[in-house]
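# predicted coordinates and the sequence they were generated for:
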Amino acid sequence: MTNEEKEEARRKMREAGNEARQSNSSTINSLTHFSAAEITRVINETGISQADLGNVIAKVQDATLSNNKKAEAIKNIHKGVDALVGLAAKFI
């Protein structure tokens, strides 16, 4: 294989990697954004209040808490675990 062929192969591999990253980013983005209808459905199905759902989401996003501390905090929010399960159902 010549140097030009090797360079062409590297270029194609970089392009394929970039396309895969863009595709994965789009998929992750669609999974992590909830529509108003989806949020309303979680609230209705679990009985959690909108304020408590906001608290659950805030705890999940809190980078200063360990996973164990997040779990403890969510368990202490009324209907928090139910709402978390409802949100997780979108990913499964």
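That came through fine. Numbering: from 1, shown residues only.
# domain ranges for this protein?
1-33, 34-92 (automatic domain parsing).
# using TSV, lay out the ones you listed together with mean pLDDT.
Formatted as TSV, the domains of the chain follow (pLDDT from 0 to 100):
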stretch	mean pLDDT
domain 1-33	70
domain 34-92	85
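# who's in contact with the residue nearest to V85 when sequence neighbours are not counted?
Spatial nearest neighbour of V85, chain neighbours left out: T46 (7.7 Å); criterion: CB to CB, 6 or more residues apart in numbering. Quick note: C-beta positions are derived from backbone N, CA and C, even for glycine. By CB atoms under 8 Å, 6 or more residues apart in numbering, T46 lies in contact with 79, 82-83, 85-86.
# out of those residues, which are buried?
Buried residues within those, defined by neighbour count using 16 or more other CB atoms under 10 Å: 79, 82-83, 86.
# give me the contact list for whatever helix or strand K59 lives in.
Remark: K59 resides in helix 50-61, with elements defined by DSSP states H and E. For helix 50-61, the external contacting residues (CB under 8 Å, 6+ apart) are 39, 42-43, 48, 65, 70, 73-74, 77-80, 83-84, 87.
# buried subset of these as a ChimeraX selection?
What follows is the ChimeraX syntax for the buried subset of the contacts of helix 50-61, where burial is set by 16+ other CB under 10 Å:
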select :39,42,43,48,70,73,74,77,79,80,83,84,87
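# from the contacts of helix 50-61, which two are the most distant?
Greatest spacing in those, by CB to CB: I43 and L65 (23.6 Å).
# and the angle from the helix or strand just after the helix holding K59 to helix 50-61?
Once the chain leaves helix 50-61, the next helix or strand it forms, by DSSP H and E, is helix 67-75. In terms of direction (axes from the mean of the first three to the mean of the last three CA atoms, to 10 degrees), helix 67-75 departs from helix 50-61 by 180 degrees.
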